[in-house]
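>>> for reference, the sequence and a predicted model appear below.
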Amino acid sequence: MSTFHHEITLLTPQDCFMVVDHYKKGFISQPHFHEDFELNFIENAKGAKRIVGDSNEQIDDLELVLVGPNLPHNWAGYESPENEVREITVQFHRDLFNDKLLQRNQLSAIRTMLEKANMGIAFSQETITQIKPRLTELSNKNGFNSVIELISILNDLSVSPNMRTLTSNTFSIGIKEFKSRRLEKAFEYMKANYNKEITLEDIAKIVNMAEVSFSRFIKKCTGKTFVDSLNDIRLGHATRLLIETTFTISEISSKCGYNNLSYFNRVFKKKHEITPKEFRENYAGTKTFV
């Protein structure tokens, strides 16, 4: 797991899901995993490499994959001279459907699909062609109707023919064993207090570990240091504020726990390869939170 990075998504506990619909020249993200489900549609990137767990395949012109929580994944190995690759990513909380709801007969197919998503699911070209227009429209919907449409899309995917799982059983078992209550507790604290000063000493006390031990532990589990992990959480909130608000860069820096604007700009550019100002100009309007 050390080669995969723990990503903090932009979803808040109040959101149902998030849609990102954009065009790009290629894929630059690192292999990563996160706590939320992800439905990823890609068009015009034939030959790109898809990594899901221990599965490594080249994709076709149309790609649609459902990835479960904490399952490492990435798309790479493709660049286009024009902005022709389209990617629509839908992320939703793993507890959007609670266990009792999924036990109902009418949702049994969705329950089965979400369980299989722990190994990654690739859908057939026929299914993708049918679902594509609805995914395209999803970012244009809002409120209750958008939630109903997402559930409807998931239901239709759950009964679609020729879906297949991607990872091996042994890799899926390894993912389950990797989960750690101590790590969850640490991230819960960082997420709840990201706008305050947080030290390695604070976190180590919370999980009842020595500072050196926890430092090694989080690096081994996530591939990132404590500072990098905290920055990921803070930058996640910062990107959302850049998209949804008119706060100044300085105000956003302060609201996300950074007392030094220069440091905020530096770590933001290191992660996103553009400045906060450029991010706001380039990405505003491409993300929809419901």
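Cool, the structure landed. Bear in mind that the values here come from a model prediction, so they are computed numbers and not experimental data. Residues are numbered from 1 along each chain as shown.
>>> element containing Trp75, please.
In this structure, Trp75 sits in strand 73-76 according to DSSP states H and E.
>>> could I have the following helix or strand past that strand exported to CSV, CA atoms only?
Following strand 73-76 in sequence order, the next helix or strand is strand 85-92 (DSSP H and E). In CSV, the C-alpha atoms belonging to strand 85-92 read as follows (Å, rounded to 0.1, in the frame of the first residue of the first chain):
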residue,chain,number,x,y,z
VAL,A,85,-10.3,13.7,-23.1
ARG,A,86,-13.5,14.0,-21.2
GLU,A,87,-13.8,12.8,-17.7
ILE,A,88,-17.0,12.7,-15.5
THR,A,89,-16.3,11.7,-11.9
VAL,A,90,-19.1,11.1,-9.4
GLN,A,91,-18.1,10.6,-5.8
PHE,A,92,-20.6,9.7,-3.1
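>>> state the number of residues packed around Ile198.
19 (other CB atoms under 10 Å). In short, each C-beta sits where N, CA and C put it, glycine included.
>>> what residues does it make contact with?
Tyr189, Met190, Leu230, Gly257 (CB atoms under 8 Å, 6 or more residues apart in numbering).
>>> give me every residue that touches Lys224.
His5, His6, Ile218, Asp232.
>>> about what we covered before: scan the contacts of Ile198 and report the most crowded one.
The most crowded member of the contacts of Ile198, judged by other CB under 10 Å, is Leu230 (24 neighbours).
>>> just the element for it, please.
Going by DSSP H and E, Leu230 is in helix 226-244.
>>> need the CA coordinates for that helix. CSV is fine.
What follows is helix 226-244 as a C-alpha-only set of coordinates in CSV (Å, rounded to 0.1, in the frame of the first residue of the first chain):
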residue,chain,number,x,y,z
PHE,A,226,1.6,13.4,8.9
VAL,A,227,2.2,16.9,7.6
ASP,A,228,1.3,15.9,4.0
SER,A,229,-1.8,14.2,5.2
LEU,A,230,-2.9,17.2,7.1
ASN,A,231,-2.2,19.4,4.1
ASP,A,232,-4.3,17.2,1.9
ILE,A,233,-7.3,17.7,4.3
ARG,A,234,-6.7,21.5,4.5
LEU,A,235,-6.2,21.9,0.7
GLY,A,236,-9.4,19.9,0.1
HIS,A,237,-11.4,22.5,2.0
ALA,A,238,-9.4,25.3,0.3
THR,A,239,-10.3,24.0,-3.2
ARG,A,240,-13.9,23.9,-2.2
LEU,A,241,-13.9,27.4,-0.9
LEU,A,242,-12.1,28.6,-4.0
ILE,A,243,-14.9,27.1,-6.1
GLU,A,244,-18.0,27.9,-4.0
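>>> how about Ile274, phi and psi?
Note on Ile274: backbone dihedrals following degrees, to the nearest 10 are phi -140, psi 160.
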